[in-house]
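1. need coordinates for the following:
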Amino acid sequence: MQKPCYILGIESSCDDTAAAILENDIVLSNVIAKQEIHIEYGGVVPELASRAHQINIIPVVEMALKKAGIEKKQLNAIAYTRGPGLLGSLLVGSSFSKSLSMGLKIPLVEVNHMHGHILCHFINDNQNKPEFPFLGITVSGGHTQIVMVEDYFTMHEIGRTLDDAIGEAFDKCGKSMGFDYPAGPIIDKHSKNGNPKKFKFPIPKVKGLDFSFSGFKTSVLNFINKNINLDQNFIKNNIEDLCASIQFTLIEILMLKINLAVRKTGITQIALGGGVAANSELRKRIIREGRKNNLKTYIPNINYTTDNAAMIALVGYLKYKNLDLGNLKQKALSNYKI
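-> Predicted coordinates for the structure are as follows:
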């Protein structure tokens, strides 16, 4: 029988303060404190995010320990998000983790946030796991990447956004229709009864496996403004079709690049990750595409799509077993490459 190994994971890369406890690769608790204050600003305000992390981090960690039913002295190691992310937010999580590590005299493990999204599939939750090698597709408000994953610790970015991320595109398109932040889930909801081919938006032409979403955002904004000038009720009268058409085009951009990556690499296993992986139509489309093209596709548990500490603790556990430990001198990195 495997000896219990308790890992505390801490995530503070953006606007969610999160803590989780894993026993080996099994999640015992996964606590997330959302920061509602950013809604009124239509996006994350970095200074407000870091202040909220300072308020939230101790009660969130205490709640994670309580829900897991363990005490601090039972922890084997602490895993924290070193980057990428907002530097002020990262500093709160990294400073707290280092201090707790010193106080408890247990190892510290630094984690790349993107590794968490890619490897969340290996959390022991009775779902199928990807086999190496596979293509990790990370889609969120801050990132859009295609990553070739050879093993737990060997990854190569083969495609990325050259400007905005797909989640940013969802949010800004939603804002142009009057939606609150984050707009992605609202667009997803309205899309369910809309015609995805009612309005046609351009597919950006970007070489290779890279993405670009800034031009798409501009085209949607211009289209909406043009039609509002002709009909003040244009958005209200077409909200479902608008959302469905925007969502369809964004997913189409993503799928074209995924299929190209499969052809270029010969890798037929696709693992989705990141906040946009919670989008219901994207989840369905990935599965349909897999069946159509004989691909093995992996959709993450909905609880591990948006930023969370369970995925950070999982990577921490894998690195701890591999004796890949961090140290107190490692600085938080706002730009942390795969």
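2. any weak-confidence spans in the chain?
-> Residue ranges of the chain with pLDDT under 70: 1.
3. what about 80?
-> Applying pLDDT under 80 to the chain flags the ranges 1-2, 35-43.
4. find the centremost residue of it, please.
-> Gly274 (2.5 Å; CA atoms, centre = their mean).
5. just give the number of residues close to the residue lying closest to that residue once chain neighbours are set aside.
-> Of all residues not flanking Gly274 in the chain, Ser140 sits nearest, at 3.7 Å (CB to CB, 6 or more residues apart in numbering). From N, CA and C alone the C-beta is placed, and that goes for glycine too. For Ser140, the neighbour count with other CB atoms under 10 Å is 25.
6. relative to Gly103, how far out is the residue nearest to the centre of the chain?
-> Gly274 sits 33 Å away from Gly103, going by CB to CB, to the nearest Å.
7. repeat for Gly88
-> Note on Gly88: its distance to Gly103, by CB to CB, is 23 Å.
8. ok, these two, which is more surrounded?
-> Ranked by neighbour count (other CB under 10 Å), Gly88 and Gly103 place Gly88 first, with 18 against 9.
9. Val44 is in contact with the more buried one, correct?
-> No: here Gly88 does not reach Val44: they are 11.0 Å apart, not a contact under CB atoms under 8 Å.
10. okay, and the common contacts of these two?
-> Listed contacts common to Gly88 and Val44 are nil; contacts here mean CB atoms under 8 Å, 6 or more residues apart in numbering.
11. residue boundaries of the helices in the protein?
-> All helices of the chain, identified by DSSP state H, fall at 46-68, 87-104, 113-119, 166-176, 184-191, 214-230, 234-265, 280-293, 310-321.
12. dump those into JSON lines; add distance to Ala19 as well.
-> Formatted as JSON lines, those follow (distance: least, CB to CB, whole Å):
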{"stretch": "helix 46-68", "distance to Ala19": "4"}
{"stretch": "helix 87-104", "distance to Ala19": "9"}
{"stretch": "helix 113-119", "distance to Ala19": "14"}
{"stretch": "helix 166-176", "distance to Ala19": "23"}
{"stretch": "helix 184-191", "distance to Ala19": "23"}
{"stretch": "helix 214-230", "distance to Ala19": "34"}
{"stretch": "helix 234-265", "distance to Ala19": "31"}
{"stretch": "helix 280-293", "distance to Ala19": "27"}
{"stretch": "helix 310-321", "distance to Ala19": "9"}
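13. which residues touch the residue lying closest to Gly93 once chain neighbours are set aside?
-> Leaving aside its chain neighbours, Gly93 sits nearest to Ser12 (3.2 Å; criterion: CB to CB, 6+ apart). Taking CB under 8 Å, 6+ apart, we find Ser12 in contact with 18, 53, 57, 80-81, 85, 89-90, 92-93.
14. what do you get for Leu87?
-> Leu87 touches 46, 332, 334, counting by CB under 8 Å, 6+ apart.
15. wait, the last one touches Leu86, no?
-> To tie it back to what came earlier, the one meant is Ser334. Yes: assessed by CB under 8 Å, Ser334 is found in contact with Leu86 at 6.8 Å.
16. who has more neighbours, those two?
-> Neighbour totals were compared for Ser334 and Leu86, and Leu86 leads with 23 against 14 (other CB under 10 Å).
17. quick check: closest non-adjacent residue to the more buried one.
-> Excluding the flanking residues, the one nearest Leu86 by CB to CB, 6+ apart is Pro46, at 4.8 Å.
18. with Leu28 instead?
-> In this structure, Leu28 finds its nearest non-sequential neighbour in Ala68, 3.7 Å apart by CB to CB, 6+ apart.
19. okay, now the domains of the protein?
-> Taking automatic domain parsing as the reference, the chain has its domains at 6-120+305-321, 130-300.
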